[in-house]
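In: next one to model:
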Amino acid sequence: MNEALTLHHVIVAGIAVAAGLAVALVLRVILRWLAERALRTRWAGDDIIVDVLRTLAPWSAVAAGVAAAAAALPLTHQVGHIVNQVLTTLVMLTATLTAARVISGLAQSVAQSRSGVAGSATIFVNITRIAVLAMGFLIILETLGISIAPLLTALGVGGLAIALALKDTLANLFAGVHILVSRTIQPGDYIRLSSGEEGYVRDINWRITVVEELSNNLVIIPNAKLAGTNMTNFSRPEQKLSVTVQVGVGYDSDLEHVERITNEVVESVMKDITGAVPDHEPAVRFHTFGDSRIGFTVVLGVGEYSDKYRIKHEFIKRLHQRYRSEGIRIPAPARTVSLQQTGEPVIPHPRTPLDAVPAPPGTPG
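Out: Down below sits the predicted model:
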């Protein structure tokens, strides 16, 4: 120490620390009030700015108070330098964590706005957070006077070994990035794999894709497997799709009458049922002379894939009721089986008693 520690030094240092804490408390109250006001505006930029300041400003005030206290104390040059480095590291670490949270939040917002759904693609969020934290860590090391060149060289040399050890993990990572960048699948899409799994894509992270089935079960699919399989996306290029229902009427039916009644039922279902497409144009197409009926296909419009079950349910009920009231018959398959006796005598088996053998037709009893 350059001089002896006195009560005056302690009082001044205590006042500096107390002042820093008081300023931090006041800043938290002010920034909380500003955050409430920022939520009421349409511009999202003020929310981000206030979010950054709510974490960074109070800690900076505390660090400034401690730095002022250290300057008031009779510390040696080496101790003062260490204190300044610690405080600088604390502020930079706080800034790095804040930046990682804010930037990852922006990445999540961009992913949601691009996909247009409520789900999130956490793979972009995680990659962004890791990249920001890594850059902040390297800057902190450089600020402390630690050369990062040997570290980068070691990471470059060891990266090959890490890539070989984590081959499957990296394959899933890059497959997930490829899936999202190519926009073949986005969170919220309804997909069906060639292996039979189907449901809504809830999340795509760095390793797996989470698919929620209509039964509320979750199917976990590795990204590499998802990228390498045949798949149907029912949400792209648009969510609206057509659903077909197979119907058949008897040969004695007036097909013009059948077509008109069926179109009226389709129009009523499209207007009344939630999830249907009101402006869908009814379509009835006769296609088969069957064994007991004339078969035709009815095309329904559906807003999204999961709505097709409810719409088909209502359509079949209404169509059946309307056909009954109009006298239109929906025949069940029927077959006629003809049995003919040949009149040939039955040759008895050696072990069969003679009195158990039936007499040929026409033989006197």
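
In: tell me which element residue 200 is part of?
Out: Using DSSP states H and E, residue 200 sits in strand 198-204.

In: distance of the closest residue to residue 28 other than its chain neighbours from residue 67?
Out: Leaving out its chain neighbours, the residue that sits closest to residue 28 by CB to CB, 6 or more residues apart in numbering is residue 58, at 5.2 Å. (Glycine included, C-beta is placed from N, CA and C.) For residue 58, the distance to residue 67 equals 15 Å [CB to CB, to the nearest Å].

In: ok, residue 309 to residue 218 distance?
Out: From residue 309 to residue 218 the distance is 20 Å (CB to CB).

In: same thing with residue 262?
Out: The value you get for residue 262 to residue 218, if CB to CB is used, is 40 Å.

In: quick one: least confident helix or strand in this protein?
Out: Ranked by mean pLDDT, DSSP states H and E, the helix or strand of the chain with the weakest confidence is helix 149-165, at a mean of 65.

In: what packs against the following helix or strand past that helix?
Out: Reading on from helix 149-165 to the C-terminus, the next helix or strand found by DSSP H and E is helix 167-182. Packing partners of helix 167-182 (3 or more CB pairs under 8 Å, 6 or more residues apart in numbering; DSSP states H and E): helix 122-143, strand 198-204, strand 208-212, helix 223-227.

In: for the helix or strand just after the last one, name the packing helices and strands.
Out: Per DSSP H and E, the first helix or strand lying C-terminal to helix 223-227 is strand 231-233. Helices and strands touching strand 231-233, as assessed by 3+ CB pairs under 8 Å, 6+ apart, comprise strand 190-193.

In: give me the distance from the strand it packs on to the chain's centre.
Out: 12 Å (CA atoms, centre = their mean, to the nearest Å).

In: could you do stretch 167-187 as well?
Out: Counting by CA atoms, centre = their mean, stretch 167-187 is centred 13 Å from the centre of its parent chain.

In: flag every buried residue along it.
Out: Within stretch 167-187, the residues scored as buried using 16 or more other CB atoms under 10 Å are 169, 171-173, 175-177, 179-180, 185-187.

In: among the residues you listed, which pair sits farthest apart?
Out: Spatial extent of these (CB to CB) is set by the pair 169 and 186 at 22.8 Å.

In: so what's the residue count around residue 230?
Out: When counting by other CB atoms under 10 Å, one arrives at 8 neighbours for residue 230.

In: hang on, it packs against residue 194?
Out: Yes. Residue 230 is within contact range of residue 194, at 4.0 Å (criterion: CB atoms under 8 Å).

In: checking my notes, residue 259 in a strand, right?
Out: No. Read with DSSP: H, G, I helix; E, B strand; the rest coil, residue 259 is helix and lies in no strand.

In: quick check: beta-bridge partners of the closest residue to it other than its chain neighbours?
Out: Nearest residue to residue 259 in three dimensions, chain neighbours excluded: residue 284, at 4.9 Å (CB to CB, 6+ apart). The partner list for residue 284 in beta bridges (DSSP bridges) reads residue 298.

In: what does the one 4 residues further on give?
Out: According to DSSP bridges, the partner residues bridging residue 288 are residue 295.

In: who are the contact partners of it?
Out: 248, 294-296 (CB atoms under 8 Å, 6 or more residues apart in numbering).

In: what number of residues lie near residue 127?
Out: 16.

In: look at the closest residue to it other than its chain neighbours and tell me its secondary structure.
Out: In space, and not counting its chain neighbours, residue 127 is closest to residue 206: 7.2 Å by CB to CB, 6+ apart. Under the three-state scheme (three-state DSSP), residue 206 adopts coil.

In: per-residue pLDDT, residue 206?
Out: The model reports residue 206 with a pLDDT of 77.

In: now name the helix or strand holding residue 265.
Out: Assigned by DSSP H and E, residue 265 falls in helix 255-272.

In: contact partners of that helix?
Out: In contact with helix 255-272 (CB under 8 Å, 6+ apart) are residues 247, 249, 276-280, 282, 284, 286, 294, 296, 298, 300-301, 311, 314-315, 318-319, 322-323, 326, 328.

In: longest helix anywhere in this structure?
Out: If you go by DSSP state H, the chain has its longest helix at helix 77-115.

In: just the angle for it relative to helix 122-143, thanks.
Out: 160 degrees (axes from the mean of the first three to the mean of the last three CA atoms, to 10 degrees).
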